[in-house]
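Novice: for reference, the sequence and a predicted model appear below.
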Amino acid sequence: MATNEIVSTIKNRRSVRKYTGDEIPEQAISLILEAGRWAPSGLNNQPWKFAVIKNGELKDGLSGFTSYGGIITKCNACIAVFYDTLEGYNRDKDVMSIGACIQNMLLAASSLGIGSVWLGEILNRKSEVNSLLGIDPRYELMAVIALGYPDESPKSSRKEISFLTIMRK
C-alpha cells in the first residue's frame, strides 16, 4: 500500500529545537491555528484557546519558566495553548482533545516547512505564565509550541508495531 501525504507528514515531522531566525509570515501562523481549530473534541466544545507570542520581551519572560528557555528565545514565535475550563465538560476528554489540537498544529507547521517543538516542562509554572501574559486563571496552560524555520535535521526512530500492539485479532 502506498503512503499517502498525511501519513508521510506524520512520519517526517520532528521536534525542531534550533531555528534560522527567519520570520514566519502571519498567514502561516494563521494556517497553523486553523489546523488546531479543526481538531476533534467531545460535544464539539473546542475547549482550547491560543496566545501567539512573538514579542521578544514576552519570549524572554517565558524562557525563564523552563529549563528549555533557549528554545523559546531563539524561535520566531510561540503558541501557548490553554484549556478554557469554563468551556470544558469532561477534563479527561477535553485534555485529549487539546492534545489532538496541538498535534494538528505541529503537523500543519511541518507541512509548511516550519519546525516546531511541543514544550511541556513549562507546565510546572502555569500560573506564572498566565501572570506574565495577562491571561485569566480560568485558562489553564496545556503546552507551549515553539515555531521557527529549522536550522537542524533531527533524526528519530520508533519501536516496532509488534512491540506496541497488545492484541490483534
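Specialist: Yes, it's here. Numbers count the residues shown, from 1 in each chain.
Novice: pick out the residue nearest the middle of the chain.
Specialist: Nearest to the mean C-alpha position of the chain, by CA atoms, centre = their mean, lies I145 at 3.8 Å.
Novice: this protein: strands as residue ranges?
Specialist: 48-53, 77-84, 115-119, 139-148 (DSSP state E).
Novice: now for E128: which residues touch it?
Specialist: Residues near E128 by CB atoms under 8 Å, 6 or more residues apart in numbering: F65. C-betas here are computed from N, CA, C, even on glycine.
Novice: quick check: it vs W118, distance?
Specialist: Relative to W118, E128 is positioned 19 Å away (CB to CB, to the nearest Å).
Novice: same deal with F50?
Specialist: Distance from F50 to W118, by CB to CB: 14 Å.
Novice: try G134
Specialist: Counting by CB to CB - G134 and W118 are separated by 23 Å.
Novice: between those two, who's got more neighbours?
Specialist: W118 (16 against 8; other CB atoms under 10 Å).
Novice: what angle separates the top helix by length along the chain from strand 139-148?
Specialist: If each helix of the chain is counted by residues according to DSSP state H, the longest one is helix 91-111. Angle, helix 91-111 to strand 139-148, by axes from the mean of the first three to the mean of the last three CA atoms, to 10 degrees: 10 degrees.
Novice: mind listing what's buried along helix 91-111?
Specialist: Within helix 91-111, the residues scored as buried using 16 or more other CB atoms under 10 Å are 94, 97-98, 101-111.
Novice: roughly how far is it from the heart of the chain?
Specialist: Mean-position distance between helix 91-111 and its chain equals 7 Å (CA atoms, centre = their mean, to the nearest Å).
Novice: what lies in contact with stretch 19-38?
Specialist: Contacts for stretch 19-38 (CB under 8 Å, 6+ apart): 46, 48, 50, 52, 74-77, 79, 81, 101-102, 104-105, 107-109, 112, 114-115, 146-151.
Novice: end to end on it, go ahead and measure it.
Specialist: 27 Å (CA to CA, to the nearest Å).
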